[in-house]
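J.: coords please:
(2 chains)
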Amino acid sequence: DSGVTQTPKHLITATGQRVTLRCSPRSGDLSVYWYQQSLDQGLQFLIQYYNGEERAKGNILERFSAQQFPDLHSELNLSSLELGDSALYFCASSVGAGGTYNEQFFGPGTRLTVL
Amino acid sequence: AQSVTQLDSQVPVFEEAPVELRCNYSSSVSVYLFWYVQYPNQGLQLLLKYLSGSTLVKGINGFEAEFNKSQTSFHLRKPSVHISDTAEYFCAVGGGSQGNLIFGKGTKLSVKP
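T.: Numbering: from 1, shown residues only, chains lettered A, B, ... in the order given. Sure thing, here's the model as predicted:
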C-alpha cells in the first residue's frame, strides 16, 4: 500500500459525458501528479499540482482539467468524453515539487471505460 | 527533452532462468532513473532507482540495474526469475526541471514453468 488513494476504482460512462476522478496523496506529500495509461500511448504525464498550484503540464487535452484543494486532495475532470479516453488514470504524490529528486508514490488507479 | 526507449515489448523466459530487460534513455540534463513494476490489475511499484553514486543499484525482489552513462542505458537484471515475477516493467527517467517522470512503453515479462 503506497498511501495514495484513488476513487472510484472503476468508472463506466458514455461518450459526451463528464466524470471526476479523485486522488488523496500520502500524508505530508504536497505534489500530486496525474498520469494516463492507455494501450496505444503508454504511460503519459498529464499534469502536476504542488501545494494547490499548477506546477507542470504534460499531454493534457483541453477537455481535461484538474485542481488541488486546500486539504491537498486532487480531482481530475474529464469532459466531452470520447472512446479514446478509455484508459487507466494514475495519481502519484511526492513531497517536493521537482527539480531535485522526489520519489513518487503511485495510487492503484481508476479504470475509465467510455462506451 | 527526455525520452525512454524500452527495446523489448515482450520477454518470455523460463522459471529460474536469468533475465535482462533493456532500457535506453535520452536526456540533456543529469537524470534520475527508475524501474517500476506493474502486476496485473494493480498500480505501479518502485523496484529500484539510480540517483547518483554507484552505477550498480539493487532493488526489491532480487532485481538489480546498471547505469551506463556512455551507452545511456539502464538495463534491469535478475539472475533467476520466479513465476511471481510475471508482470509489466517500466523504465522511467526524471530529474528535469519538472518533477514528473517520463516512462518507456513497458516490457511484459512472462515467466513460464
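
J.: just give the closest residue to A:Q68, not the sequence neighbours.
T.: Closest residue in space to A:Q68, ignoring its immediate chain neighbours: A:Y49 at 3.7 Å, by Cβ to Cβ, 6 or more residues apart in numbering or on different chains. From N, CA and C alone the C-beta is placed, and that goes for glycine too.

J.: swap in A:D85?
T.: A:V114 (5.3 Å).

J.: dump the residue contacts of the one you found.
T.: By Cβ atoms under 8 Å, 6 or more residues apart in numbering or on different chains, the contact list for A:V114 reads A:13-15, A:17, A:81-86.

J.: strands of chain A, start to end?
T.: With strands called from DSSP state E, chain A shows them at A:5-7, A:10-13, A:19-24, A:31-38, A:42-50, A:53-57, A:64-68, A:74-78, A:87-94, A:105-106, A:110-114.

J.: now render these as CSV, adding mean pLDDT.
T.: Putting these into CSV (pLDDT from 0 to 100) gives the following:
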stretch, mean pLDDT
strand A:5-7, 97
strand A:10-13, 97
strand A:19-24, 98
strand A:31-38, 95
strand A:42-50, 94
strand A:53-57, 93
strand A:64-68, 97
strand A:74-78, 98
strand A:87-94, 95
strand A:105-106, 92
strand A:110-114, 97
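
J.: show me the contacts for the residue nearest to A:V4 when sequence neighbours are not counted.
T.: In space, and not counting its chain neighbours, A:V4 is closest to A:G107: 3.8 Å by Cβ to Cβ, 6+ apart. Neighbouring residues of A:G107 by Cβ under 8 Å, 6+ apart: A:2, A:4-6, A:23, A:90-92, B:43.

J.: could you do A:R22 as well?
T.: Neighbouring residues of A:R22 by Cβ under 8 Å, 6+ apart: A:6-8, A:73-75.

J.: take the residues you listed and lay them out in CSV including neighbour count.
T.: Rendered in CSV, the data for the contacts of A:R22 read as follows (neighbours: other Cβ atoms under 10 Å in any protein chain shown):
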residue, neighbour count
A:Q6, 20
A:T7, 13
A:P8, 13
A:H73, 15
A:S74, 24
A:E75, 16
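
J.: before we move on, back to that, how near is the residue nearest to A:V4 to B:G106?
T.: According to Cβ to Cβ, to the nearest Å, A:G107 stands 18 Å off from B:G106.

J.: low pLDDT regions in chain B?
T.: By pLDDT under 70, the weakly predicted segments of chain B are B:95-98.

J.: recalculate using a threshold of 80.
T.: B:1, B:28-30, B:95-99 (pLDDT under 80).

J.: can you give me the neighbour number for whatever residue of chain B ends up closest to chain A?
T.: Proximity of chain B to chain A (Cβ to the nearest Cβ) peaks at B:G99, 2.4 Å away. Neighbourhood size, B:G99 [other Cβ atoms under 10 Å in any protein chain shown]: 24.

J.: can I assume it is in contact with A:A97?
T.: Yes. Counting by Cβ atoms under 8 Å, A:A97 is a contact partner of B:G99 at 5.7 Å.

J.: name the nearest of the contacts of A:R22 relative to B:L21.
T.: Nearest to B:L21 among these, counting by Cβ to Cβ, is A:Q6 at 27.0 Å.

J.: the residue nearest the centre of chain A pairs with what?
T.: In chain A, the centroid-proximal residue (Cα atoms, centre = their mean) is A:W34; its distance is 2.9 Å. Beta-bridge partners of A:W34, counted by DSSP bridges, are A:I47, A:C91.

J.: shared neighbours of B:G99 and A:A97, anything?
T.: By Cβ under 8 Å, 6+ apart, the residues touching both B:G99 and A:A97 are A:31, A:48, A:50, A:55.

J.: I am finished for the moment; much appreciated.
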